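>>> Need the 3D shape of this:
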Amino acid sequence: MVSLLHRYVLRELVKSFALSFAVLVTVMILGAVFQPLRRGLGFGSLMRFLPYMLPYLLAWVVPAATLSACVMTYGRLSADNELLATRVSGIPLRYMCYPALAMAAVLAIAMVPLNARLVPWCRVAKRQALRQIFMEQPFRMSMIGGHETIELGDHKIYVESMAGDVLHNVVVIAPRQGRDSRAGEAAAKKDDDRNTFAEQHPEVYVYRAREARYRPNPDNSTVRIMLQDAEYTIVTPERNARSWLNLRADEQELEVPVENPLEVVHKLKRRELSSSGLAKHAAELRARLSEHPPAKEMRDLRKRLAGLLAELYQRQVLSAAVFCLALVGVPLGIWIRRESRLASFTVAVLVFLLLYSLIVGGEGMAVRERLPAAVALWTPAALIAGLGVGLLVHLSRH
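Residues are numbered from 1 along each chain as shown. Reported below is the predicted structural model:
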């Protein structure tokens, strides 16, 4: 009898999970591709990096879908008085909760390698794919994120709008190249304050043009920009603005170097390291901190260590959150007694958004060293799990 009920509840959970999973993945993918498509990125280019986004989406979708499935299933069972019937038959409520907890435990275990290894690897692959597309369509890729000021190498470029390969109302800020040695010797003789200012504010060219065209050259990692009816100013920060040199040119060509996309994989960020790599780097930083370095270096090391630990614990929490959300989803569904899937789904999304904001806030506090990383990241999951256990105990007694 109990085994039959378990299979029945598990079947309902799987159906609700599949529905929630499909809805959430669809919504998140549409949100991810809307801006690139609106900016004119081709579908072929989009499909070069979109598959690498799916594991990262799963890291958040699976916990949310698990919570939604529990609320939907137990809300319907409660609304139809099926849970009441089983209790009258002498089957305790906790037996009806086992299928949800078993499913959540399996999903939580499956999430561990996903968050620890697959998501970081996909981040690296996605960044490499984006850089390769960037070499082909640099301005379109940069404007996808809503950035009007684009950084290419050591150049900064402002673009108001673009149509095809034509840029409109362009401003380019480029460092001046090829300063002669006598100028360098003269600059070396200035006082310390003047030297420091010159290092922080080097002499630059500021180009302005109403229209420009660009042609990427992936072979030598450069982008050639052809400015039409260009004006440019040689800006020398330590001089008065009236002494800056203003020039005009019918056509001005700039060759802007950009980072080689094949070298990107050798410069991993903390989010692109596997969990074992994060733990290894954290151990190295702790060893360096134990040597009592100078105060400035110690602050830098502590900040880097806090970032590594925050990322490591966040991955662990996202895996455990599947089980924690199931603990709260079962009593929440029984309590709200809703047969409507839409109402149950809405309640589940609101609860998940609460946990999401707590995790993101905890990560920020851990990175800023306001709380230990373990406390800041694990507290939200512990609160949700404690709330779920408390509600289950209360419903079992009443």
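
>>> Please enumerate the strands of the stretch 251-398 of the chain.
In the stretch 251-398 of the chain, no strands are found when defined by DSSP state E, counting those that start in this stretch.

>>> Quick one: the helices in it, in order.
Using DSSP state H, counting those that start in this stretch, the helices of the stretch 251-398 of the chain run over 275-289, 295-336, 341-367, 373-397.

>>> Which stretch among those helices is buried most, on average?
When the helices of the stretch 251-398 of the chain are scored by mean count of other Cβ atoms under 10 Å, the highest mean neighbour count falls to helix 295-336 (a mean of 21). Any C-beta I mention is one placed from the backbone N, CA and C, and that applies to glycine too.

>>> ok and that helix relative to helix 373-397, angle-wise?
Inter-element angle recorded for helix 295-336 and helix 373-397: 10 degrees (by axes from the mean of the first three to the mean of the last three Cα atoms, to 10 degrees).

>>> Take the helices of the stretch 251-398 of the chain and lay them out in JSON lines including mean pLDDT and distance to Leu41.
Below are the helices of the stretch 251-398 of the chain laid out as JSON lines (pLDDT from 0 to 100; distance: least, Cβ to Cβ, whole Å):
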{"stretch": "helix 275-289", "mean pLDDT": "91", "distance to Leu41": "31"}
{"stretch": "helix 295-336", "mean pLDDT": "91", "distance to Leu41": "29"}
{"stretch": "helix 341-367", "mean pLDDT": "89", "distance to Leu41": "28"}
{"stretch": "helix 373-397", "mean pLDDT": "90", "distance to Leu41": "35"}
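
>>> mind putting those in TSV, distance to Met72 included?
Listed next are the helices of the stretch 251-398 of the chain as TSV, based on distance: least, Cβ to Cβ, whole Å:
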stretch	distance to Met72
helix 275-289	32
helix 295-336	7
helix 341-367	4
helix 373-397	16
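
>>> closest to Leu84 out of those helices?
Taking Cβ to Cβ, helix 295-336 is the member of those nearest to Leu84, at 10.2 Å.

>>> how far out from the middle of the chain is the closest one?
15 Å (Cα atoms, centre = their mean, to the nearest Å).

>>> do the same with stretch 12-23
Worked out by Cα atoms, centre = their mean, stretch 12-23 lies 25 Å from the chain centre.

>>> what's the answer for stretch 380-395, then?
29 Å.

>>> what's Pro169 sitting at in phi/psi?
You called it Pro, but residue 169 is Asn. Summarising the backbone geometry of Asn169 under the convention degrees, to the nearest 10, its torsions are phi 50, psi 70.

>>> Any idea how many residues pack against it?
Taking other Cβ atoms under 10 Å as the neighbour definition, Asn169 ends up with a count of 15.

>>> was I right about it contacting Ser161?
Yes - here Asn169 lies in contact with Ser161, judged by Cβ atoms under 8 Å, at a distance of 7.2 Å.

>>> so where's the stretch 151-300 of the chain shaky on pLDDT?
151-153, 164, 176-202, 218, 220, 237-247, 259-267 (pLDDT under 70).

>>> try it again with 90
Counting by pLDDT under 90, the stretch 151-300 of the chain contains low-confidence residues at 151-273, 289-298.

>>> ok, back up a step: so which of the helices of the stretch 251-398 of the chain is nearest Leu19?
Ranking the helices of the stretch 251-398 of the chain by their distance to Leu19 (criterion: Cβ to Cβ) puts helix 341-367 first, at 7.2 Å.

>>> contacting residues around Leu10?
If a contact means Cβ atoms under 8 Å, 6 or more residues apart in numbering, then Leu10 has Pro99, Ala102, Met103 as its contacts.

>>> Could you break the protein into its assigned domains?
For the chain, the domain assignment from automatic domain parsing gives the residue ranges 2-136+293-397, 154-257.

>>> now Pro230, what's its secondary structure?
For the record, residue 230 is Ala, not Pro. Under the three-state scheme (DSSP: H, G, I helix; E, B strand; the rest coil), the conformation of Ala230 reads as strand.

>>> again with Met162
Secondary structure of Met162, reduced to three states by three-state DSSP: strand.

>>> Next, work out how far apart it and Arg127 are.
When Cβ to Cβ, to the nearest Å is the yardstick, Met162 and Arg127 sit 23 Å from each other.

>>> Those two: who's more crowded?
Neighbour tally, Met162 and Arg127, criterion other Cβ under 10 Å: the higher count belongs to Arg127, 21 against 18.

>>> Looking at the more buried one now. What's its pLDDT?
Listed pLDDT for Arg127 reads 80.

>>> Help me confirm that it comes into contact with Arg271.
No - in terms of Cβ under 8 Å, Arg127 does not count as a neighbour of Arg271; the distance is 9.9 Å.

>>> in the helix or strand containing Phe49, what's buried?
Following DSSP states H and E, one finds Phe49 within helix 43-49. Buried residues in helix 43-49, counted by 16 or more other Cβ atoms under 10 Å: Ser45, Phe49.

>>> which residues are in contact with it?
Residues external to helix 43-49 that are found in contact with it (Cβ under 8 Å, 6+ apart): Val33, Pro36, Leu37, Lys126, Ala129, Leu130, Gln132, Ile133, Glu136, Gln137.
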